[in-house]
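K.L.:
This is a predicted model, with the sequence first.
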Amino acid sequence: LGLTLNPSPRLHFFQIGFAPLGSPAASAYRRVSVGDLTQQIFQAGNMMAAADPRNGRYLTASALFRGQVSTKDVEDEMLKVQNKNSAYFVEWIPNNIK
């Protein structure tokens with residue numbers, strides 16, 4: 001009997017989202033919040049691959065924030081993303097967003 005650890009072969013690509021996408025010269029004039037950054041990470045235009053994440057589902061997601069951000073704000077915003085876009089996350093991995 002063969003066993004595979006990949007339950008669905010279409011769900012195995014890494015998608016990297018990057019935020020904020022903008023000019024370094026303009027960063028001094030723009031202030032972004034944790035919520036803005038979190039929304040930008042999951043937008044199709046900020047993905048570093050030519051694939052639209054709305055055509056598939058996420059197994060897991062991890063967001064790394066640099067700088068002075070509150071851990072509570074990050075956790076709250078990531079939970080909002082998971083609840084708002086629950087159709088894009090598989091249901092059989094309960095804690096799949098960090």
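P.N.:
All right, it came through fine.

K.L.:
okay, CA-based contacts and neighbour counts for the rest of this
P.N.:
Fine.

K.L.:
Give me the residues contacting the host helix or strand of Glu75.
P.N.:
If you go by DSSP states H and E, Glu75 is part of helix 71-84. If you take C-alpha atoms under 8 Å, 6 or more residues apart in numbering as the criterion, helix 71-84 is touched by Val34, Gly35, Thr38, Gln39, Phe89, Ile97, Lys98.

K.L.:
Can I get the least confident helix or strand in the chain by mean pLDDT in CSV? Just the C-alpha atoms.
P.N.:
Least confident element among the helices and strands of the chain, by mean pLDDT, DSSP states H and E: helix 34-41 (a mean of 86). Written as CSV, here are the backbone C-alpha positions of helix 34-41 (Å, rounded to 0.1, in the frame of the first residue of the first chain):
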residue,chain,number,x,y,z
VAL,A,34,-0.1,46.2,10.5
GLY,A,35,-3.5,45.7,9.0
ASP,A,36,-2.4,47.4,5.8
LEU,A,37,0.7,45.2,5.5
THR,A,38,-1.3,42.0,6.3
GLN,A,39,-3.8,42.8,3.6
GLN,A,40,-1.1,43.5,1.1
ILE,A,41,0.7,40.3,1.8
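
K.L.:
quick one, phi/psi of Ala25?
P.N.:
phi -70, psi -30 (degrees, to the nearest 10).

K.L.:
quick revisit: so which elements touch the least confident helix or strand of the chain?
P.N.:
Using 3 or more C-alpha pairs under 8 Å, 6 or more residues apart in numbering; DSSP states H and E, the elements in contact with helix 34-41 are helix 71-84.

K.L.:
Let me see the ranges of the strands in this protein.
P.N.:
Under the criterion DSSP state E, the chain contains no strands.

K.L.:
Can you give me the distance of the residue nearest in space to the middle of the chain to Ala25?
P.N.:
Closest to where the C-alpha atoms of the chain average out (C-alpha atoms, centre = their mean) is Phe42, at 4.6 Å. Distance of Phe42 to Ala25, computed by C-alpha to C-alpha, to the nearest Å: 24 Å.
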